[in-house]
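*Asks:* Sequence first, then the predicted structure, then my questions.
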Amino acid sequence: MGQKLCECSCGEYVKGVKSKFLPGHWLKAKGQKGAQNHFYGKTHTDESKKLIAEAEIGFHHSEETKQLMSEQHLGKSHKMSEEGLKNIRIAVAAGNRNPKNIEKRARHMAHKKYKHIAPNGSITKMRSRWEVRYAHYLDSQNYVWEYEPKGFRTSLGLYLPDFYIVDLDEWHEVKGYMYRKAQEKIDAFRIEYPNEKFVLISEEIFYEIMNRQERDKVRIGCDF
């Protein structure tokens, strides 16, 4: 039986019939970009996604793992700028926010790293490229919208919809891959707030919308 080359393109031969990489070489393949990456273009099947979701049920990190994760994040805490904290304190003083949520809100805001630039030049920081592209779609349709203006307390915790469409009085949530916990929180919101109109923009709906638009026009002003 002929020998097999390691799939990380190192030129060495692997040991064993089923092996694809030499020990540790799969990390090299993972670090490669584009078609050179062994995992390029590969996605999980619906069956594997289901298995992954089922494997997460009841899973908890050990105390030792939690400690290691905590140590790795030392010195890397997400903090808002002084200007951002100042604005929140002003809002608290005006009675618009709970003082206990200041630091939590600061950490929450730190994850917004994608910019949406509106036709009037105003900038809104968002969490994902999908949200930015959807915001540009809303702009192209001349909708008046707000990004994460309000949170809703549910039995599973605080739920913060992505967009409030003022013209339609609707909440829109943009979701690509739906995690189990996210789905459960959305379900709780729908049940506990039946009077709120809600639209879930799934991956299928998102691409259907994008395909109906001239993408170049929708993406004008995107900074990512």
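*Replies:* On my side now, so go ahead.
*Asks:* From here on, just use CA atoms for contacts and neighbour counts.
*Replies:* Fine.
*Asks:* after the stretch of helix or strand residue 181 belongs to, next one along is what?
*Replies:* Assigned by DSSP states H and E, residue 181 belongs to helix 180-192. Next helix or strand after helix 180-192 toward the C-terminus (DSSP H and E): strand 197-201.
*Asks:* Dump that following strand to PDB, restricted to CA.
*Replies:* Only the C-alpha atoms of strand 197-201 are listed here, as PDB (Å, rounded to 0.1, in the frame of the first residue of the first chain):
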ATOM      1  CA  LYS A 197     -44.200  42.300  16.800                       C
ATOM      2  CA  PHE A 198     -41.000  40.200  16.200                       C
ATOM      3  CA  VAL A 199     -39.300  39.100  13.000                       C
ATOM      4  CA  LEU A 200     -36.400  36.700  12.900                       C
ATOM      5  CA  ILE A 201     -34.000  37.300  10.000                       C
END
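*Asks:* if we can go back for a sec, just checking, what packs against the helix holding residue 181?
*Replies:* strand 152-154, strand 157-159 (3 or more C-alpha pairs under 8 Å, 6 or more residues apart in numbering; DSSP states H and E).
*Asks:* Using a markdown table, please lay out those together with distance to residue 127, mean neighbour count and mean pLDDT.
*Replies:* Listed next are those as a markdown table, based on distance: least, C-alpha to C-alpha, whole Å; neighbours: other C-alpha atoms under 10 Å; pLDDT from 0 to 100:
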| stretch | distance to residue 127 | mean neighbour count | mean pLDDT |
| --- | --- | --- | --- |
| strand 152-154 | 19 | 14 | 90 |
| strand 157-159 | 15 | 14 | 89 |
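*Asks:* Same list, these, but as TSV with distance to residue 65 please.
*Replies:* As requested, these are exported to TSV (distance: least, C-alpha to C-alpha, whole Å):
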stretch	distance to residue 65
strand 152-154	29
strand 157-159	25
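*Asks:* Out of these, which is closest to residue 128?
*Replies:* Across the helices and strands packed on helix 180-192, residue 128 has its closest neighbour in strand 157-159 (17.1 Å, C-alpha to C-alpha).
*Asks:* In its sheet, which strands sit next to the closest one, and in what direction?
*Replies:* strand 152-154 (antiparallel) (DSSP bridges).
*Asks:* where are the low-confidence patches of the chain?
*Replies:* 1-2, 8-9, 16-19, 21-41, 52, 54-61, 66, 69-112, 214-224 (pLDDT under 70).
*Asks:* residue ranges of the helices in it, please?
*Replies:* 26-31, 46-56, 63-72, 82-93, 102-110, 129-140, 180-192, 203-212, 215-218 (DSSP state H).
*Asks:* send the alpha carbons of the longest one over as PDB?
*Replies:* It refers to helix 180-192. Extracted in PDB, the C-alpha atoms of helix 180-192 (Å, rounded to 0.1, in the frame of the first residue of the first chain):
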ATOM      1  CA  ARG A 180     -29.600  26.500  21.400                       C
ATOM      2  CA  LYS A 181     -29.500  29.200  24.200                       C
ATOM      3  CA  ALA A 182     -30.200  32.000  21.800                       C
ATOM      4  CA  GLN A 183     -33.200  30.100  20.400                       C
ATOM      5  CA  GLU A 184     -34.500  29.500  23.900                       C
ATOM      6  CA  LYS A 185     -34.200  33.200  24.800                       C
ATOM      7  CA  ILE A 186     -36.000  34.200  21.600                       C
ATOM      8  CA  ASP A 187     -38.800  31.700  22.300                       C
ATOM      9  CA  ALA A 188     -39.100  33.100  25.900                       C
ATOM     10  CA  PHE A 189     -39.400  36.600  24.500                       C
ATOM     11  CA  ARG A 190     -42.100  35.700  22.000                       C
ATOM     12  CA  ILE A 191     -44.100  33.900  24.700                       C
ATOM     13  CA  GLU A 192     -43.700  36.500  27.500                       C
END
